[in-house]
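Peer 1: what's the 3D shape of this:
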Amino acid sequence: MVLTVKMLILLYGVVSYQILTDRPLLSVHAALEIWNHWDGPHYLDLARYGYQPEGEIRLFLVFYPLYPLLVRLFAILTGDYLVAAFILSGVASVAAGLLLERLAQLDQTAGVARRAVWFLLVFPTSYFLHIGFTESLFLALAIGCFLAARYERWPLVGILGALAALARVNGIILVPALAVEAYLTYRRTRRWDWGWLWIAGVGAGTAGYLLLNYTVTGNPFAFTEIQKEHWYKSLAWPWTGIRALVESLSYRGPSKSQMYVGQELLFLMIGIVCTVLAWTKLRPSYGVWMAGNLLLFASTSFILSTPRYVLILFPIYMLFARLGENRIWYTVLTVWSLLFMSLFIGLFVQGQWAF
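Peer 2: The predicted structure follows:
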């Protein structure tokens, strides 16, 4: 199912690009290039040249190192960095789908678990799972962490957690979420397990990223300065960013009002509602994962890319799958997902902003 949806999405991107731009795509590599926009080229530059203390590439220190490092390794085999990125994301997206199904099966029926994978694959921003972005790699590592914790394989939790924290800043949210899983195990068994200390491996991944900053610039928190200077983003209360988002409606046209404000607020609301439902309908650790990530997304002076960030909140797909037991809800969620994914893909392959 993952491979089928992947091929249809990539093929749809090719067809929509040619229709909307009236330009031909004369090779497979050209068909991959249409997806190489926004953060994608930055990851490829990091894979080629590494982190640098000066020049434009210095700005890319805000991107975590695991994904470009793996692209570099895959490129040794393929001889092409773009192809390597697609292979890496392709493998990771299949892993994410398989792991999500296995994790969901621990608490849900087989039908719900399979639908959870379906809703992951058709989520409006799920095209990021298949292209040169970090979403599929991080999602596979994060879900793998939760699955390993459920099986009480704590050394594996530490390893996967460290890798997740080297892939994205969101990895740090695994610490409280996995601590809740450890507590649930303690409440059931009433015995202490020294293996729980492996959860600290997540912190080791974050420490590795800070060490990278220090090695390149002499400042372990250089990424915060770059975020503020170049992307105009800094830590702030959630309502600060939301208020700025709403106020920006006064100077945006209809198109940007929808993409930069309307969709950002919609997906933020979806995340909030699903966080509440995760606390009440799913495991407490899932609620912690959802809430911690939402705070991370929203606690900034400039909210952007929320529809893409929400993609990693995997409990959403379990909730959708349970709703989808009702045929009407299944139809509504599927049609909404496919319609907006089609819209966003059409914009993205043209190089327009789509999160």
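Peer 1: number of residues surrounding Met290?
Peer 2: Neighbour count of Met290, defined by other CB atoms under 10 Å: 27. All C-beta atoms are positioned from the backbone trio N, CA, C, and that covers glycine.
Peer 1: got a list of what it touches?
Peer 2: Met290 sits next to 271, 274-275, 278, 313, 315-316 when contact means CB atoms under 8 Å, 6 or more residues apart in numbering.
Peer 1: then Leu100?
Peer 2: 113, 116-117, 120, 143, 314, 317.
Peer 1: likewise for Ala75?
Peer 2: Taking CB under 8 Å, 6+ apart as the definition of contact, the neighbours of Ala75 are 47, 81, 83-84.
Peer 1: distance-wise, check it relative to Tyr12.
Peer 2: Counting by CB to CB, to the nearest Å, the gap from Ala75 to Tyr12 is 27 Å.
Peer 1: contacts only, for Leu265.
Peer 2: Residues in contact with Leu265 (CB under 8 Å, 6+ apart) are 242, 245-246.
Peer 1: now, which of these sits nearest Leu69?
Peer 2: Distance to Leu69 across these (CB to CB) is lowest for Leu245, with 33.8 Å.
Peer 1: burial check on that closest one, number of neighbours?
Peer 2: Burial of Leu245 is recorded as 20 neighbouring residues (other CB under 10 Å).
Peer 1: what do you get for the one 10 residues further on?
Peer 2: Other residues within reach of Ser255, judged by other CB under 10 Å, total 11.
Peer 1: roughly how far apart are it and Gly262?
Peer 2: When CB to CB is applied, the distance between Ser255 and Gly262 equals 10 Å.
Peer 1: just how off-centre is the longest helix anywhere in the chain within its chain?
Peer 2: Ranked by residue count and defined by DSSP state H, the top helix of the chain is helix 81-105. The offset between the C-alpha centroid of helix 81-105 and the centroid of the whole chain comes to 12 Å, using CA atoms, centre = their mean, to the nearest Å.
Peer 1: repeat for stretch 315-324
Peer 2: The answer for stretch 315-324 is 18 Å, by CA atoms, centre = their mean.
Peer 1: what does stretch 43-60 give?
Peer 2: Stretch 43-60 has its average C-alpha position 21 Å from the chain's average C-alpha position, going by CA atoms, centre = their mean.
Peer 1: residues touching the residue positioned nearest the centre of the chain, list them.
Peer 2: When CA atoms, centre = their mean is applied to the chain, the residue found nearest the centroid is Glu135 (3.5 Å). With contacts defined as CB under 8 Å, 6+ apart, the neighbours of Glu135 are 128-129, 308, 311-312.
Peer 1: what's the closest of the contacts of Leu100 to Ala30?
Peer 2: When those are compared for distance to Ala30 (CB to CB), Leu120 wins out at 28.4 Å.
Peer 1: need the pLDDT of Gly262.
Peer 2: pLDDT, the model's per-residue confidence, is 96 for Gly262.
Peer 1: I should have written His230 there, sorry.
Peer 2: What the model reports for His230 is a pLDDT of 86.
Peer 1: doesn't Phe60 make contact with it?
Peer 2: No: the pair His230 / Phe60 is not scored as a contact, 10.0 Å apart, by CB atoms under 8 Å.
Peer 1: those two - which one has more neighbours?
Peer 2: Here His230 and Phe60 are compared on neighbour count by other CB under 10 Å; more neighbours surround Phe60, at 21 against 12.
Peer 1: what's in contact with stretch 53-72?
Peer 2: Counting by CB under 8 Å, 6+ apart, the neighbours of stretch 53-72 from elsewhere in the structure are 39, 42-49, 51-52, 81, 84-85, 88, 132, 134, 137, 163, 166-169, 208-209, 212-213, 216-217, 222-223, 226-227, 230-231.
Peer 1: go on, stretch 19-37?
Peer 2: Around stretch 19-37, the neighbours that count as contacts under CB under 8 Å, 6+ apart are 10, 13-14, 17-18, 44, 80, 82-83, 86, 127, 131-132, 346, 348-351.
Peer 1: can we see that at 10 Å?
Peer 2: Surrounding stretch 19-37, the residues in contact under the criterion CB atoms under 10 Å, 6 or more residues apart in numbering are 9-11, 13-18, 40, 43-44, 80-83, 85-86, 89, 127-128, 130-133, 345-354.
Peer 1: for it, measure first residue to last.
Peer 2: Across stretch 19-37, the straight-line distance between its terminal residues is 19 Å, by CA to CA, to the nearest Å.
Peer 1: now swap in stretch 248-268 and tell me
Peer 2: Taking CA to CA, the span from the opening residue of stretch 248-268 to its closing residue is 16 Å.
Peer 1: circling back to that earlier point, export the contacts of Glu135 to JSON lines and tack on secondary structure, pLDDT and distance to Ala30?
Peer 2: Below are these laid out as JSON lines (DSSP: H, G, I helix; E, B strand; the rest coil; pLDDT from 0 to 100; distance: CB to CB, whole Å):
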{"residue": "Phe128", "secondary structure": "helix", "pLDDT": "98", "distance to Ala30": "20"}
{"residue": "Leu129", "secondary structure": "helix", "pLDDT": "98", "distance to Ala30": "21"}
{"residue": "Arg308", "secondary structure": "helix", "pLDDT": "98", "distance to Ala30": "24"}
{"residue": "Leu311", "secondary structure": "helix", "pLDDT": "98", "distance to Ala30": "26"}
{"residue": "Ile312", "secondary structure": "helix", "pLDDT": "98", "distance to Ala30": "30"}
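Peer 1: from those, pick the one nearest Ala321.
Peer 2: For Ala321, the nearest member of the contacts of Glu135 is Leu311. The distance, counting by CB to CB, is 15.8 Å.
Peer 1: perfect, that will be all.
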